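Colleague: Pasting the sequence and the predicted model now:
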Amino acid sequence: MLEIMRSTDQTEIAFASALLSGEGIEVFELDVHMSMLEGSIGILPRRLLVRRADAAAARLALRDNGLPVTE
């Protein structure tokens, strides 16, 4: 799996996950429960991972919708 996005903005993560799921790309979200360690202040970014075979299509979909992409 490859990381395609990293963000502290929960709305960006939710939008990206919904967008990629709609494109038929399976998404795995990491660091969802890190808020317990940081005290729910949102300083630790969440990461989205996709299968290596889907990475190019996922990055293109994110860029086309103005979302940040991890290279």
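Modeller: Arrived safely, thanks for sending. Residues are numbered from 1 along each chain as shown.

Colleague: how about the helices in the chain?
Modeller: Assignment of helices within the chain using DSSP state H yields the ranges 10-22, 35-38, 55-64.

Colleague: helices or strands next to the longest one in the packing?
Modeller: When you say that, I think you mean helix 10-22. Counting contacts by 3 or more Cβ pairs under 8 Å, 6 or more residues apart in numbering; DSSP states H and E, helix 10-22 is packed against strand 2-7, strand 27-30, strand 46-50, helix 55-64. Every residue, glycine included, has its C-beta placed from N, CA and C.

Colleague: Residue nearest the middle of this protein, spatially speaking?
Modeller: Taking Cα atoms, centre = their mean, the centroid of the chain lies closest to L48, which sits 3.1 Å from it.

Colleague: Might you report the residue contacts of it?
Modeller: L48 is in contact with E3, I4, M5, R6, I13, A16, S17, L20, V27, F28, E29, L30, counting by Cβ atoms under 8 Å, 6 or more residues apart in numbering.

Colleague: redo that, cut-off 10 Å
Modeller: 1-7, 12-13, 16-17, 20, 27-31, 58, 62, 67, 69-70 (Cβ atoms under 10 Å, 6 or more residues apart in numbering).

Colleague: Tell me how far it lies from L30.
Modeller: Per Cβ to Cβ, to the nearest Å, L48 is found 8 Å from L30.

Colleague: Overlap in contacts, those two.
Modeller: What both L48 and L30 touch, as defined by Cβ under 10 Å, 6+ apart, is the set M1, E3, R6.

Colleague: Let me know the closest of the residues you listed to D54.
Modeller: M1 (9.4 Å; Cβ to Cβ).

Colleague: Low-confidence stretches in the protein?
Modeller: The model of the chain has pLDDT under 70 over residues 35-42.
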